[in-house]
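Okay, sequence plus prediction incoming.
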Amino acid sequence: MPLLFLLGISSGLPLALTASTLQAWYTVAGVSTLGIGFLSIVGQPYVFKFLWAPFLDRFQLPLLGRRRGWIAFFQVMIAVMLILIGGFHPEKNPILIAVFAFFIAFLSASQDVDIDAYRAEVLESQERGVGNAFFVTGYRIGLLLAGSLALIIAANMGWQTAYLIMGLIMLGSVFTTIASREPLLKEAPPKRLSDAIIEPFREFILRDNAMLLLCFIVLYKLSDAFSLSLSTTFLLRGMGFSLVELGVVMKTVSIGFTIIGAFIGGFTQARLGLFKSMMLFGLLQGISSLGFMLLSMIGNDLGTMIAVVGFEYACSAMGTTVFLGFLMGLCHQQYTATQFALLSAIASVGRVFVGPIAAIMVDQWGWTFFYFLAFIIALPSLLVLWFLRRDSVFN
């Protein structure tokens, strides 16, 4: 479990360094707002990582096995790229740095594919909740290191030093991978690349509840996505909280409650089982939307805001922890990397598209009714979950 925590740090660290921290670097260097806006393209590999996941299922490197070999390779490459990128300056080489960042994001997304597959294969079904809690906590710590700590280092010692230190931390994660144990193969890897591409889809589609499972994957986190899609705008513009108040809450309360929620979710899954845990946390995710509805009725009250945001992030983390265990249980070991990458991409569909819909709903009906609707949106997933209760993934 501690090794999964450290792998979580390795997974979260590069994400912030190619997103919010990179944006801060460009902003301080005086790059135009238009140029900074185009940095969002850097993160595209995280969206399309399922396209090259079959390659990672089919082939393995000579050392450390199919999963750890690729993870260690990507960790070394990310570390080298982070150290190199710090030697450039955005005001002189904005495009070159963006290209470096894109390749870091590609390597990071590839690392995530194999770390996800590794967790799915190395954890027994009763261990997945707690294992995911350790991983999610490490992931959040990685984001914090690459966000807050990197900015503090940059302010005092410069950006080159900040990225150098982050690169060395990333390099240290290789020892975590070496210390981990390779999952035991219960199924032989695909013999041909074409099999690694086609068979994961065919194997899943031919299952009895395939369409119902895909429907549930899209729906389960949808209410949560609606609640969080405009939460910053709601708290700043709708409720009139200050940037300082929001910053303190998001950097402390949200992270703290996310970690607490992850462990509650993990230990609850170990005790109650996957089906009961998903039913409970799916309901709590919906109820947390009612907290925002209550805040919209009360108005600007800092204590209520902290309680509502904390409860929302805790419930979201509980749901995420058991949902990851659910996705792991759906993966066939021959194609773990491909199926997990694809299923997690399907799960993110709602999160990608809810923003415009949520904005229209707020304009039409206001914040109070919007958050009530976010609660209602949680209910269909629980109905689908009930119909799936006898599926093999819950046994």
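Received, thanks. Residues are numbered from 1 along each chain as shown.

Please count neighbours and contacts with C-alpha atoms only from this point.
Fine.

gap between Leu222 and Phe375?
10 Å (Cα to Cα, to the nearest Å).

Kindly report the same for Ala307.
Ala307 is 18 Å from Phe375, by Cα to Cα.

what does Leu3 give?
To Phe375, Leu3 is 36 Å away according to Cα to Cα.

which of these two has more neighbours?
Phe375 (24 against 19; other Cα atoms under 10 Å).

which residue sits closest to the more buried one, ignoring its sequence neighbours?
Leaving aside its sequence neighbours, Phe375 sits nearest to Gly286 (Cα to Cα, 6 or more residues apart in numbering; 4.4 Å).

what separates the longest helix along the chain from the chain centre, distance-wise?
Longest helix in the chain by number of residues (criterion: DSSP state H): helix 349-387. Centroid separation for helix 349-387 versus its chain: 20 Å, with Cα atoms, centre = their mean, to the nearest Å.

How about the contacts made by Phe186?
One thing to correct before we go on: residue 186 is Lys, not Phe. Contact analysis of Lys186 by Cα atoms under 8 Å, 6 or more residues apart in numbering lists Gln333.

Got the phi and psi for it?
Lys186 adopts backbone torsions of phi -90, psi -20, taken as degrees, to the nearest 10.

quick one: it and Thr336, what's the gap?
12 Å.

Next: Thr232.
36 Å.

one step back: rounded mean pLDDT for the longest helix of the chain, please.
Across helix 349-387, the average pLDDT comes to 83.

What are the buried residues along that helix?
350-351, 354-355, 358-359, 361-362, 367-375, 377-379, 381-382, 384-385 (16 or more other Cα atoms under 10 Å).

And for stretch 84-92?
Leu84, Ile85, Gly86, His89, Pro90.

same check, this time on stretch 124-138
125-138.

my read: Arg389 touches Phe275, true?
Yes. In this structure, Arg389 is within contact of Phe275 by Cα atoms under 8 Å, at 6.6 Å.

the more surrounded of the two?
Between Arg389 and Phe275, Phe275 has the larger neighbour count (other Cα under 10 Å), namely 20 against 15.

In contact with the nearest residue to that one once chain neighbours are set aside, which residues?
Distances taken as Cα to Cα, 6+ apart place Phe394 nearest to Phe275, at 5.9 Å, with adjacent residues excluded. Neighbouring residues of Phe394 by Cα under 8 Å, 6+ apart: Gly273, Leu274, Phe275.

Including pLDDT and secondary structure, could those go into TSV?
Shown next, in TSV, are those (pLDDT from 0 to 100; DSSP: H, G, I helix; E, B strand; the rest coil):
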residue	pLDDT	secondary structure
Gly273	88	coil
Leu274	88	helix
Phe275	91	helix
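
Could you dump those residues into a markdown table with distance to Val174 added?
Listed next are those as a markdown table, based on distance: Cα to Cα, whole Å:
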| residue | distance to Val174 |
| --- | --- |
| Gly273 | 33 |
| Leu274 | 32 |
| Phe275 | 35 |
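
between those, which is closest to Phe175?
Checking the contacts of Phe394 against Phe175 with Cα to Cα, the nearest one is Leu274 at 32.3 Å.

okay, now the closest one: neighbour count?
Residues near Leu274, counting by other Cα under 10 Å: 25.

Give me the spatial nearest neighbour of it, chain neighbours excluded.
Phe394 (5.9 Å).

Send over stretch 332-351 as CSV, restricted to the C-alpha atoms.
Extracted in CSV, the C-alpha atoms of stretch 332-351 (Å, rounded to 0.1, in the frame of the first residue of the first chain):
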residue,chain,number,x,y,z
HIS,A,332,-9.6,-8.8,-18.4
GLN,A,333,-6.0,-9.3,-17.4
GLN,A,334,-4.9,-9.9,-21.0
TYR,A,335,-6.0,-6.4,-22.0
THR,A,336,-5.9,-4.5,-18.6
ALA,A,337,-4.1,-1.4,-19.9
THR,A,338,-6.4,-1.0,-23.0
GLN,A,339,-9.7,-1.7,-21.2
PHE,A,340,-9.0,0.4,-18.2
ALA,A,341,-7.8,3.3,-20.4
LEU,A,342,-10.9,3.0,-22.6
LEU,A,343,-13.4,2.7,-19.7
SER,A,344,-11.9,5.6,-17.8
ALA,A,345,-12.1,7.7,-21.1
ILE,A,346,-15.8,6.7,-21.4
ALA,A,347,-16.3,7.7,-17.7
SER,A,348,-14.8,11.2,-18.4
VAL,A,349,-17.3,11.9,-21.3
GLY,A,350,-19.8,13.5,-18.9
ARG,A,351,-17.2,15.6,-17.2
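
so where's this structure shaky on pLDDT?
For the chain, the stretches flagged by pLDDT under 70 are 33-34, 36-37, 250-251, 350-353, 355.

Spell out which residues make up each domain of it.
2-184, 195-394 (automatic domain parsing).

Straight-line length of the last one, end to end?
Start and end residues of domain 195-394 are separated by 28 Å (Cα to Cα).

In the stretch 201-350 of the chain, what residue spans correspond to helices?
Counting by DSSP state H, counting those that start in this stretch, the stretch 201-350 of the chain has these helices, from start to end: 210-219, 222-229, 231-233, 243-248, 254-272, 274-298, 302-330, 336-347, 349-387.

Of those helices, which is nearest Ser180?
Here helix 336-347 is closest among the helices of the stretch 201-350 of the chain (Cα to Cα), at 17.9 Å.

Does that closest one pack against any helices or strands, and if so which?
Counting contacts by 3 or more Cα pairs under 8 Å, 6 or more residues apart in numbering; DSSP states H and E, helix 336-347 packs against helix 53-58, helix 94-122, helix 193-205, helix 210-219, helix 302-330.
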